[in-house]
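Undergrad: Sharing a model prediction with you, sequence too.
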Amino acid sequence: MEAILFYLTALVAVVAAFFVTKCRNPVNSALCLVTNFICLAVFYVMLEAPFMAAIQIMVYAGAIMVLIVFVIMLLNLGTAVKSRYTHGLAAGGVLSVLMLLVATVFLGKGSATATGGEVTSELIQSYGHTELIGRAMFTDFLLPFEIASILLLVAIIGAVVLSKRKV
Amino acid sequence: MTPEVLTLSNSPLLFTAAMLAKILVAFTVTILIVAYATWVERKVIGRMQTRMGPTMTGPKGLLQPIADGLKLFFKEDIIPAEAHTFAFILAPMMILAPAFISIAVIPFGGDIQYTYDGVTYLIPLQVTDLNIGILFILAMAGLGVYGIVLAGLASNSKYSLLGGIRSTAQMISYELAAGLSIVAIFMLSESLSLRDIVAAQQGPLWGLEALSFLPNWYVFTQPLAFGLFVISGMAEINRTPFDLPEAETELVSGFCTEYSSMKYALFFMAEYANMVTVSAIGATLFLGGWAGPFYSPINFLIKVFAAMFFMIWIRATFPRFRYDQLMTLGWKILLPLALANIVFTGVAVILWQ
């Protein structure tokens, strides 16, 4: 049952990812990318990480992609691109074949898939995924968390400074 | 013998049947409320402006929503020649679906007991109880923006585009304020599940017997968060006084200018479905969910209807905001207030423990 669901979602994800590059119209590309993000969220749910799934949809599909569509709208890029880019397609094809080779080599070695962490399904069932993430983030990984928050603060201030009108 | 909560593992057949029944009931009731919300809105606004509202179709105009639906169904469906066909057709669906999906995690009643094969099961009156209930609702609210954006962009018309741009900016801004006002709630309830949040609001206020005349609803504990949620919730679903995306006097009909027939009807249904969803979320988070003197789903419906009446009342009372005022209100007043409320609640929770 879970395998069937996985393969169906994977099929949708791969087809959507293909059409992100294939579509001539940037709006349709953006829509396909959203589809891909939602498929990723479904994978997170299957991996018993519902918090990650919700954050994936909220941040990527709900915020970042909306901004991208907004930019498409403001720059009036909604018209279809007529010219073909064969060089880019060829380079992308070569790159993806290389990626596939690397992935199969690593999967064949078995070290990438068979490792288990401290967090097990039983732990998630008893505590809840959100609590586990919160605990890890605010005890073991407090310093990286604070560094990330300072980085975000710098980015926010930078955005304000760059877009501020001269008075 | 204590009854156990019905899950897929302890009785697959009954679970599936109960699930289908719950989905059917929740969906049908929402659709009915959506259809009759239009009638109620026209009647109530009519009365407030000393006129009658719809009277001709059926007794007291009660068949008016059905007549409107039939009329729109038989109108010609026009897709403009310059429109992006795929996105144009997709947009009305993408605006309606998230509104209905959010209903799935809202508990609309208490548990009911049902005996099957000699075993008593507890059936929660909620389609599904997600561990991340509120985050799910926020995620779906985020997806709701796409419908309006696509409608504005795909129509290839300047009024639609302006309406779409306005509404994207508005929804992103107010989603932030709405989300942050809710954060204070789950700091108090210590759970993201809506079932647990309703359970945390039972009993007298703050567990004090002296205050037993007031229920422990979060509207009393978090009045500021409630106010912020009401304002930003109404702004997010584009209700008057925040209906700038479809400001008739400036933008003809905003993002749905180019739409006709059933696609146009879907936009209207989405507006009222969003109204139902926001009212239901507000009733669950701040007004104690299904708790109250009557049978639990009736209590819940009363709270939802009261919230919807409030929105209609506001529509009849207030003029529309100017665009710069709207942005100033969102970013310079509501957002700092929501952040301050979170800090204050955090300190209070630490001191209280």
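TA: The structure has been received and is ready for your questions. Numbering: from 1, shown residues only, chains lettered A, B, ... in the order given.

Undergrad: Look through chain A and state the residue closest to chain B.
TA: residue A:62 (2.3 Å; C-beta to the nearest C-beta). Placement of C-beta: from N, CA and C, glycine included.

Undergrad: Now that residue: closest residue in space, sequence neighbours ignored.
TA: residue B:142 (2.3 Å; C-beta to C-beta, 6 or more residues apart in numbering or on different chains).

Undergrad: how far away is residue A:30 from residue A:97?
TA: According to C-beta to C-beta, to the nearest Å, residue A:30 and residue A:97 sit 26 Å apart.

Undergrad: more crowded one of these two?
TA: residue A:30 (23 against 10; other C-beta atoms under 10 Å in any protein chain shown).

Undergrad: So which helix or strand of chain B has the lowest pLDDT on average?
TA: helix B:248-251 (a mean of 65; mean pLDDT, DSSP states H and E).

Undergrad: now swap in chain A and tell me
TA: For chain A, judged by mean pLDDT, DSSP H and E, that is helix A:121-127, with a mean of 73.

Undergrad: Check which element follows the least confident helix or strand of chain B along the chain.
TA: Downstream of helix B:248-251, the first helix or strand assigned by DSSP states H and E is helix B:261-286.

Undergrad: buried set for that next one?
TA: Neighbour-count burial for helix B:261-286 flags B:263-286 (criterion: 16 or more other C-beta atoms under 10 Å in any protein chain shown).

Undergrad: Equivalent analysis for stretch B:23-42, please.
TA: Per 16+ other C-beta under 10 Å, stretch B:23-42 contains these buried residues: B:26, B:29-30, B:33-42.

Undergrad: What does the pLDDT read for residue 144?
TA: Since no chain was named, I'll use chain A. On the pLDDT scale, residue A:144 is placed at 92.

Undergrad: looking at chain B here, not the other one
TA: 82.

Undergrad: likewise residue A:149?
TA: At residue A:149, pLDDT is 93.

Undergrad: just checking, residue B:268 touches residue B:38?
TA: Yes. Using C-beta atoms under 8 Å, residue B:268 makes contact with residue B:38 at a distance of 7.3 Å.

Undergrad: where do the strands sit along chain B?
TA: In chain B, the strands defined using DSSP state E lie at B:4-5, B:111-116, B:119-124.

Undergrad: The last one vs strand B:111-116, what angle?
TA: I take that to be strand B:119-124. On the basis of axes from the mean of the first three to the mean of the last three C-alpha atoms, to 10 degrees, strand B:119-124 is oriented at 150 degrees to strand B:111-116.

Undergrad: can you give me the helices for the chain?
TA: If you meant another chain, say so; for now it's chain A. Taking DSSP state H as the criterion, chain A contains helices spanning A:2-22, A:26-46, A:50-55, A:65-74, A:86-109, A:121-127, A:129-138, A:142-163.

Undergrad: My question was about chain B, not that one.
TA: Remark: helices assigned in chain B by DSSP H are B:12-48, B:64-73, B:85-102, B:133-154, B:158-189, B:194-200, B:218-221, B:223-236, B:248-251, B:261-286, B:296-317, B:323-328, B:335-352.

Undergrad: pLDDT of the fifth one, averaged?
TA: Helix B:158-189 shows an average pLDDT of 83 in the prediction.

Undergrad: Same check on the last one?
TA: For helix B:335-352, mean pLDDT is 89.

Undergrad: With the second one instead?
TA: Here the mean pLDDT over helix B:64-73 is 84, rounded to a whole number.

Undergrad: list the contacts for the residue of chain B found nearest chain A?
TA: Residue nearest to chain A within chain B (C-beta to the nearest C-beta): residue B:142, separated by 2.3 Å. By C-beta atoms under 8 Å, 6 or more residues apart in numbering or on different chains, residue B:142 lies in contact with A:57-58, A:61-63, A:66, B:175.

Undergrad: ditto for residue B:66
TA: Neighbouring residues of residue B:66 by C-beta under 8 Å, 6+ apart: B:35, B:57.

Undergrad: Next: residue B:335.
TA: Residue B:335 neighbours (C-beta under 8 Å, 6+ apart): B:173, B:176-177, B:180.

Undergrad: Kindly indicate the member of those with the most neighbours.
TA: That'd be residue B:177 among the contacts of residue B:335, by other C-beta under 10 Å, with 26 neighbours.

Undergrad: can you pull the contacts of residue B:164?
TA: A:73, B:148-149, B:151-153, B:245, B:254-255.

Undergrad: Which positions in the stretch 51-200 of chain B make contact with chain A?
TA: Within reach of chain A by C-beta under 8 Å from any C-beta of the partner chain, the stretch 51-200 of chain B has these residues: B:84, B:86-87, B:90, B:130-132, B:135-136, B:138-139, B:141-143, B:145-146, B:149-150, B:152-154, B:156, B:161, B:164-165, B:168-169, B:172, B:175, B:192.
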